[in-house]
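Asker: here you go, sequence then predicted model.
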Amino acid sequence: MPGHRCDMSVTTRDAEPAGSEPYVRIEHVTKRFPGNGRRGTPLTALRDVSLEVARGEVFGVIGHSGAGKSTLVRLINGLETPTEGRIHVGPHEVTALSERDRRNVRRDIGMIFQQFNLFRSRTVAGNVAYPLKVAGVGQPERDRRVARLLDFVGLLDRAHDHPEQLSGGQKQRVGIARALATEPSLLLADEATSALDPETTGEVLALLRRINRELGVTIVIITHELDVIRSIADRVAVLDGGELVESGSLYEVFAHPSTEAAARFVGTTLRDRPSAATLARLRRTHSGRLVTVRVRDRTGFQTALAATFLRHEVAAEIVFGGISELQDRPVGSLTFELTGPPDAVDASLAALRSDGVELTEED
Ligand SMILES: Nc1ncnc2c1ncn2[C@@H]1O[C@H](COP(=O)(O)OP(=O)(O)OP(=O)(O)O)[C@@H](O)[C@H]1O
């Protein structure tokens, strides 16, 4: 069991690069709640979920409300027990531990929440000191650590304020400092930015990134906000109705979702094919054939496209689309209006297809 470590400080730990060594292992986990479904039937919140979170990575879990995200978090930190399956965190099989031992493991897991869950009656410093007090850290050491933690999250000057004197973003930074107090290896963030405006969300995410990179803390972030996942996660899992429908690198899942459920979910963030309304508008102003090409992460991709159209003497004008970036790789789609003899247009499209280009003729 990890006892509390008295040498804790907010300093760079051996910040190993995110590797493949799993830190959290979820194996065939099913969680049923008794008597919560319609007419008192059991409700299956998670069904046969397996996934691994590597040490040192930021792992995002996305899904709509009720998908089972919070249940997953509560299973990882041992607050709930799965109906079936096993969960390992670091060297521990959480599912095999007594409640007392789970409490010890929980000291190595920080938690932050949507509603911050701060003690209103305690000062900022008092909130951050609380887990240290529980862990039996003496006052002088506690004061030193609290000061370091508040400095790390940029709130040293607010140590003596009470939570109600702080903005939402500042409250969450106190929540983060408190979560880091016992120097956890793993931080679980449950909708941690969902109550914040976009700018403050950006600041909190930047802080989480620093915690990951500078302190080497593995982070599992669960949210229904795709932009949050896009901007911070290395790998993601998509939960839908209690089932894990897809997992992989952020790029794979967002740029090339292999299941329809994941595609439905991520399709709203990345500019994809034009909507029916957009197409109708495009048709009114463009008489040529409309073709949407998925942008490939390949050097010279657009030059090759242009060359193919030119070779077939087809005029190609971009009329819709956009390219953004995921993990420093381009992703998106471009809709072209193609004009020229029908045979030439057909030949250009056949050439592109045989070259592996994914394209859709908009009809
Ligand atoms: N303690 C519980 N007892 C009974 N049912 C529960 C319990 N906790 C969660 N559930 C049910 O399990 C399902 C998944 O809930 P969960 O909170 O994990 O989803 P979520 O994806 O986090 O959604 P949200 O973002 O709305 O919290 C829901 O149908 C919920 O009602």
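Answerer: Looks like it came in fine. The shown structure was predicted, so the numbers you read here are calculated from the model rather than taken from an experiment.

Asker: give the contact list for the residue of the stretch 151-300 of the chain found nearest the ligand.
Answerer: Residue nearest to the ligand within the stretch 151-300 of the chain: His224 (5.9 Å; Cβ to the nearest ligand atom). From N, CA and C alone the C-beta is placed, and that goes for glycine too. By Cβ atoms under 8 Å, 6 or more residues apart in numbering, the residues touching His224 are 62-65, 69, 191, 194.

Asker: how far away is it from Val61?
Answerer: 10 Å (Cβ to Cβ, to the nearest Å).

Asker: overlap in contacts of these two?
Answerer: Contact with both His224 and Val61 is made by residues Lys69, according to Cβ under 8 Å, 6+ apart.

Asker: what does this structure have sitting close to the ligand?
Answerer: Residues of the chain lying near the ligand by Cβ under 6 Å from any ligand atom: 33, 36, 43, 45, 63, 65-71, 224.

Asker: whichever of those residues end up buried, select them in ChimeraX.
Answerer: Command for ChimeraX that selects the buried part of those, burial taken from 16 or more other Cβ atoms under 10 Å:
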select :45,63,67,68,69,70,71,224
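
Asker: sort out for me which of the residues of the chain next to the ligand are in strands.
Answerer: 33, 43, 45 (DSSP state E).

Asker: I'd like those residues written out as a markdown table, with pLDDT and distance to Ile211 added.
Answerer: Shown next, in a markdown table, are those (pLDDT from 0 to 100; distance: Cβ to Cβ, whole Å):
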| residue | pLDDT | distance to Ile211 |
| --- | --- | --- |
| Phe33 | 91 | 32 |
| Leu43 | 90 | 34 |
| Ala45 | 94 | 29 |
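
Asker: just grab the bridge partners of Ala315 for me.
Answerer: Beta-bridge partners of Ala315, counted by DSSP bridges, are Thr339.

Asker: and it, how many neighbours?
Answerer: Residues lying near Ala315 (other Cβ atoms under 10 Å) number 14.

Asker: show me the contacts for it.
Answerer: 288, 309, 338-340.

Asker: in ChimeraX, select just the buried ones from those.
Answerer: Burial among these is assessed by 16+ other Cβ under 10 Å; the matching ChimeraX selection reads:
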select :288,309,338,340
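
Asker: taking the contacts of Ala315, tell me the two that lie furthest apart.
Answerer: Within the contacts of Ala315, Gly288 and Phe309 form the most distant pair, 11.6 Å apart (Cβ to Cβ).

Asker: mutual contacts of the two, please.
Answerer: In contact with both Gly288 and Phe309: 315, 338, using Cβ under 8 Å, 6+ apart.

Asker: domain-wise, how is the chain divided?
Answerer: Annotated domains of the chain cover 22-266, 276-361 [automatic domain parsing].

Asker: state the phi and psi torsions of Val319.
Answerer: phi -120, psi -10 (degrees, to the nearest 10).

Asker: swap that for Lys171, sorry
Answerer: Taking degrees, to the nearest 10 as the convention, Lys171 sits at phi -60, psi -40.

Asker: report the secondary structure state of Val220.
Answerer: Assigned by DSSP: H, G, I helix; E, B strand; the rest coil, the conformation of Val220 is strand.

Asker: I'd assumed Leu186 was in contact with it.
Answerer: Yes: at 7.0 Å, Val220 counts as touching Leu186 under the criterion of Cβ atoms under 8 Å.

Asker: lowest average confidence, helix or strand, in the protein?
Answerer: Across the helices and strands of the chain, mean confidence by mean pLDDT, DSSP states H and E is lowest for helix 260-266: a mean of 80.

Asker: higher neighbour count, Val220 and Leu186?
Answerer: Neighbours around Val220 and Leu186, counted as other Cβ under 10 Å, are more numerous at Val220. The numbers are 25 against 22.

Asker: who does that one bridge with?
Answerer: Beta-bridge partners of Val220, as defined by DSSP bridges: Phe59, Leu188.

Asker: need the pLDDT of it.
Answerer: Here, the pLDDT recorded for Val220 equals 97.

Asker: over to Thr268?
Answerer: So Thr268 comes in at 56 (pLDDT).

Asker: so what touches the longest helix along the chain?
Answerer: When the chain is scanned for its longest helix (criterion: DSSP state H), the result is helix 198-215. Residues outside helix 198-215 that contact it (Cβ under 8 Å, 6+ apart): 10-13, 15, 56-58, 153, 167-169, 172-173, 176, 180, 187, 189, 192-193, 196, 217-219, 221, 225, 228, 231-232.
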